[in-house]
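Chemist: coords please:
(2 chains)
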Amino acid sequence: MPTYLYCILPAGCEAPAASLVGVDAAPVREVRAGPTAAWVSDVPDAVIAPSVARARAHDAVVRDAMSRATPVPARFGQVLAADRDVAALLGQRTSELVASLERVRDCVEMTVRILLAAGPTTGPAPRESGSAYLRWVRERQRARQSVTDQAEFLRGGVARAVEDAGVVREMLWARVAPGARSLEGAHLVPRALVARHRDVVRTAVERTYHTKVMLSGPWAPYTFCAPLHE
Amino acid sequence: MTDDDLALTGDDRLVLGDLLNHVLDKGVVIAGDVTISVADIDLIRVGLGVYITAIQSELDHAAERAATDADLPVLHPARGL
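Modeler: Sure thing, here's the model as predicted:
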């Protein structure tokens, strides 16, 4: 039966509980290979169609693994022919996986979303004359630039605050697209500092810059575990 | 870290959007044949939809607060405030 992959942990960690089930309520087990171990379960087919329930089940297994140690979470949908193929891939990727485990060790991911004030609205493009149209284009560019400047300013302020407070190991910020209404970042936060991180971010954004921040987490460090093969 | 510390917090709509975004679009890929099906796109749209709804409602609340609170300082990034 095909084997579905959830996450990778250091090999010394406790195995999943016998009662733990994953996608489609299949029992989760461990496949060990050298210094790493994968949490897997059986699935009936080689292609597993995504659904909200299956995405939740995938994340629930990864979240359970977080109670052992910080795992390298796998992207949804990786199915291999059998456990021995999982072990073979772990063996081939040992050095990258060990480096990834070390990168995220004792950390969780927090999603930070800061609301941006909209730039001046420019309305629909005028049709009456070329000069009116060019004025409209200029105004639209200014409005977009104002949102980009605002995002840059907030990103710098929050980055300084969390770094000064020592509550973040790494940060990744999404590019702010034209017309974006929020600035989104992923913060890799030491487990012991999650509550402090929340306070520092909220204080920086809401009290210092008087705008709204929305935080979610803690997540397994999905954003900090890049594909090794795509 | 205790189980309580691992409990997810955040706006429910954002939590669902973030969950889909993390699980479907991020994380390590060790197998080269992950199939992104058409259904994925629908789920990512669900995720984007809940983000937009949650963000819009926060923006609406912020606008209401600003309208009723004349003392609320206004953010002026260009002036470094």
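
Chemist: which stretches of the chain have low pLDDT?
Modeler: As the question left the chain open, I've gone with chain A. Residue ranges of chain A with pLDDT under 70: A:118-122, A:229-230.

Chemist: that was the other one, I meant chain B.
Modeler: Along chain B, the model assigns pLDDT under 70 to residues B:1-12, B:32-81.

Chemist: give me that answer again for 50
Modeler: B:1, B:35-39, B:69-81 (pLDDT under 50).

Chemist: buried set for stretch A:85-95?
Modeler: Burial within stretch A:85-95, assessed by neighbour count using 16 or more other CB atoms under 10 Å in any protein chain shown, is assigned to A:85-87, A:89-90, A:93. C-betas here are computed from N, CA, C, even on glycine.

Chemist: what sits up against that stretch?
Modeler: By CB atoms under 8 Å, 6 or more residues apart in numbering or on different chains, the surrounding residues in contact with stretch A:85-95 are A:3, A:5, A:8, A:31-38, A:40, A:80, A:97, A:228-229, B:30-31.

Chemist: between the buried residues of stretch A:85-95, which is closest to A:P16?
Modeler: Of all the buried residues of stretch A:85-95, A:V86 has the smallest distance to A:P16: 14.2 Å, by CB to CB.

Chemist: three-state assignment of A:A53?
Modeler: With DSSP: H, G, I helix; E, B strand; the rest coil as the basis, A:A53 sits in helix.

Chemist: tally of neighbours for the closest residue to chain B within chain A?
Modeler: Residue nearest to chain B within chain A: A:S216 (3.0 Å; CB to the nearest CB). Neighbours of A:S216 under the rule other CB atoms under 10 Å in any protein chain shown: 23.

Chemist: ok so it is a strand residue?
Modeler: Yes. With three-state DSSP as the criterion, A:S216 is part of a strand.

Chemist: look up how far A:Y222 lies from it.
Modeler: A:S216 sits 12 Å away from A:Y222, going by CB to CB, to the nearest Å.

Chemist: you'd agree A:V158 is up against A:V201?
Modeler: Yes. When contacts are counted by CB atoms under 8 Å, A:V158 is listed as touching A:V201 (6.3 Å).

Chemist: need the residues touching each of these two.
Modeler: Shared contacts of A:V158 and A:V201 (CB under 8 Å, 6+ apart): A:V112.

Chemist: near chain B, anything from the longest helix along chain A?
Modeler: Counting residues, the longest helix found in chain A (DSSP state H) is helix A:130-165. Yes. Using CB under 8 Å from any CB of the partner chain, helix A:130-165 comes into contact with chain B via A:146, A:149-150, A:152-154.

Chemist: could you chop chain A up by domain?
Modeler: When chain A is parsed with automatic domain parsing, its domains come out as A:3-104, A:107-224.

Chemist: and the longest one, end to end?
Modeler: If I follow you right, that is domain A:107-224. Start-to-end span of domain A:107-224 (CA to CA, to the nearest Å) is 11 Å.

Chemist: check stretch A:210-222 too.
Modeler: Using CA to CA, one end of stretch A:210-222 lies 30 Å from the other.

Chemist: which parts of it are buried?
Modeler: Neighbour count says stretch A:210-222 has A:211-222 buried, by 16+ other CB under 10 Å.

Chemist: what secondary structure does A:V167 sit in?
Modeler: coil.

Chemist: let me see the contact set for it.
Modeler: With contacts defined as CB under 8 Å, 6+ apart, A:V167 is in contact with A:189-190, A:193, A:196-197, A:200.

Chemist: next: A:R75.
Modeler: Neighbouring residues of A:R75 by CB under 8 Å, 6+ apart: A:222, A:227, B:23-29, B:34.

Chemist: let's have these in a markdown table, adding secondary structure and distance to A:R127.
Modeler: Below are the contacts of A:R75 laid out as a markdown table (DSSP: H, G, I helix; E, B strand; the rest coil; distance: CB to CB, whole Å):
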| residue | secondary structure | distance to A:R127 |
| --- | --- | --- |
| A:Y222 | helix | 47 |
| A:P227 | coil | 47 |
| B:V23 | helix | 46 |
| B:L24 | helix | 42 |
| B:D25 | helix | 40 |
| B:K26 | coil | 44 |
| B:G27 | coil | 48 |
| B:V28 | strand | 52 |
| B:V29 | coil | 49 |
| B:V34 | coil | 47 |
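
Chemist: please name the nearest non-neighbouring residue to B:L19.
Modeler: Spatial nearest neighbour of B:L19, chain neighbours left out: A:D59 (5.7 Å); criterion: CB to CB, 6 or more residues apart in numbering or on different chains.

Chemist: need phi/psi at the closest residue to A:T223 other than its chain neighbours.
Modeler: Once flanking residues are discounted, A:T223 sits nearest to A:A186: 3.9 Å by CB to CB, 6+ apart. A:A186 adopts backbone torsions of phi -110, psi 130, taken as degrees, to the nearest 10.
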